[in-house]
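Engineer: need a 3D model of the sequence below.
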Amino acid sequence: MQTWILHIDMDAFFASVEQLDNPELRGKPVAVGGTSDRSVVSAASYEVRKYGVRSAMSVVKARQLCPEILLVPGRMGRYKEISIQAMGVLQEFSPTVEQASVDEAYIDGTGLERLFGPIDKVSRQIKTRMKEVTGLTCSVGAAPVRFLAKIASDVNKPDGIFIINPQEIVDFLRVLPVNRVPGVGKKLVDILKRLGTRTCGDVLKKPREYWEDRLGKYGGALHDRARGIDVTGVQVSSGAKSCSAENTFHKDTTDRTVLIRWLLAQSERVAGDLRRHGYKGRTVTLKVKYADFSQITRSLSLGGRTDNTSVIFKTVCDLLKQVEIRRAIRLIGVGVSNFEVRDRQVTLFEVEPQAVEATSELDRAVDAVREKFGNMAVTRVDLLGHGKKTDN
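Structural biologist: Below you'll find the model as predicted:
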């Protein structure tokens, strides 16, 4: 079976989140960072990158390059929220997901072709699903080894796909500049230039011993990379961070009755997933996206962790009451986070409320019937005929 590793990188993540939440920023040169002359740019949109603005650049330099730059303060809480959603998307495709940072991750794609088709189709489906769930674009790179997958994700940015097939590795590396290899920094690049080495093909003109003599263990690792060797696989991250369900409506709505019915259906889905995977969560989140694509979230942390459908539904309905519906809504969603694996031993100093913690007998009965006869075997009366015209 062909081994595949995919690297998924969100495009201009912080800046893209700001443009997602504020439609007035879309298509404009946006940078996330402080506004004082002593500040630096944390992230830059692709519109401002055309002027040469990059992350870690001083605000003074950024303004010189692009006088029209729009600087907005960072919101790490919001970025983490979207990051959790993005990682949840990847877990829909593979159980082996390694989050490398807030905006990138590796997944083990080996065997996914049996489920989703060829690796290029898998990549397209990931991108489509990512856009549906987060509202953002990502770039996907796929290769038989890890470091090549990371390089590949950067080839067709933004919103791109690049796949390095096994038979293409030698030719791809022959002309690849050494500074594109992950871990090769500026100092090493300068040394390699003095040695007449600019590409991975140049590295292979000398034997492994030559590089080990000059660079020690780093020389051997560099030679391995130039040959396309990387034994590092995908390390499974420590469990899921959230569970969510959301739906885009066939027609935008301001009808609270319609919204509440959707919240009930989504609460059932989320609670069922939690019970199936053995998780309970403390924080319930409501997501609302308006017709103009702006969106808000509201969250509430409970007194204890739960996988109870009724508790989740009641909580998210309480959150909806806090939202003024003056504009049409195109999407609504429910999420549960702040997990802990079920059947944990509660300490003497941490007694969690029975009403929040308990899985109801009704939930257990519904789970048992659906496991045996399928998800459609049991439907709440309130949901009969519901959801037949959604886009998602």
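Engineer: longest single helix anywhere in the protein?
Structural biologist: helix 256-277 (DSSP state H).
Engineer: what packs against it?
Structural biologist: Where contact means 3 or more Cβ pairs under 8 Å, 6 or more residues apart in numbering; DSSP states H and E, helix 256-277 is packed against strand 242-253, strand 279-290, helix 309-321, strand 329-341, helix 361-373. C-beta here means a position set from N, CA and C on the backbone, and glycine is covered the same way.
Engineer: next, the angle from that helix to helix 309-321.
Structural biologist: Angle, helix 256-277 to helix 309-321, by axes from the mean of the first three to the mean of the last three Cα atoms, to 10 degrees: 140 degrees.
Engineer: next, the buried residues of helix 256-277.
Structural biologist: Across helix 256-277, burial judged by 16 or more other Cβ atoms under 10 Å covers 259, 261-275.
Engineer: where among the helices and strands packed on helix 256-277 is average confidence lowest?
Structural biologist: For those, mean pLDDT drops lowest on helix 361-373, to a mean of 58.
Engineer: thought residue 252 was touching residue 329?
Structural biologist: Yes. Residue 252 is within contact range of residue 329, at 6.2 Å (criterion: Cβ atoms under 8 Å).
Engineer: ok, so of the buried residues of helix 256-277, who is nearest residue 106?
Structural biologist: Nearest to residue 106 among those: residue 273, at 23.2 Å, using Cβ to Cβ.
Engineer: about what we covered before: any idea of the angle the longest helix of the chain forms with strand 329-341?
Structural biologist: Computed with the same axes, to 10 degrees, the direction of helix 256-277 lies at 30 degrees from that of strand 329-341.
Engineer: tell me the SS of residue 230?
Structural biologist: What DSSP: H, G, I helix; E, B strand; the rest coil gives for residue 230 is coil.
Engineer: check what pLDDT it gets.
Structural biologist: For residue 230, pLDDT reads 89.
Engineer: tell me the spacing between residue 284 and residue 293.
Structural biologist: According to Cβ to Cβ, to the nearest Å, residue 284 and residue 293 sit 24 Å apart.
Engineer: and for residue 43?
Structural biologist: From residue 43 to residue 293 the distance is 20 Å (Cβ to Cβ).
Engineer: for the two, indicate the residue with more neighbours.
Structural biologist: A side-by-side neighbour count of residue 43 and residue 293, using other Cβ atoms under 10 Å, places residue 43 first with 23 against 14.
Engineer: what strand or helix carries the more buried one?
Structural biologist: Assigning secondary structure by DSSP states H and E places residue 43 in strand 41-44.
Engineer: which other helices and strands does that strand contact?
Structural biologist: If contacts are counted by 3+ Cβ pairs under 8 Å, 6+ apart, strand 41-44 sits against helix 13-21, strand 30-33, helix 59-65.
Engineer: and these: which comes nearest residue 132?
Structural biologist: In terms of Cβ to Cβ, the element of the helices and strands packed on strand 41-44 nearest to residue 132 is helix 13-21, at 13.2 Å.
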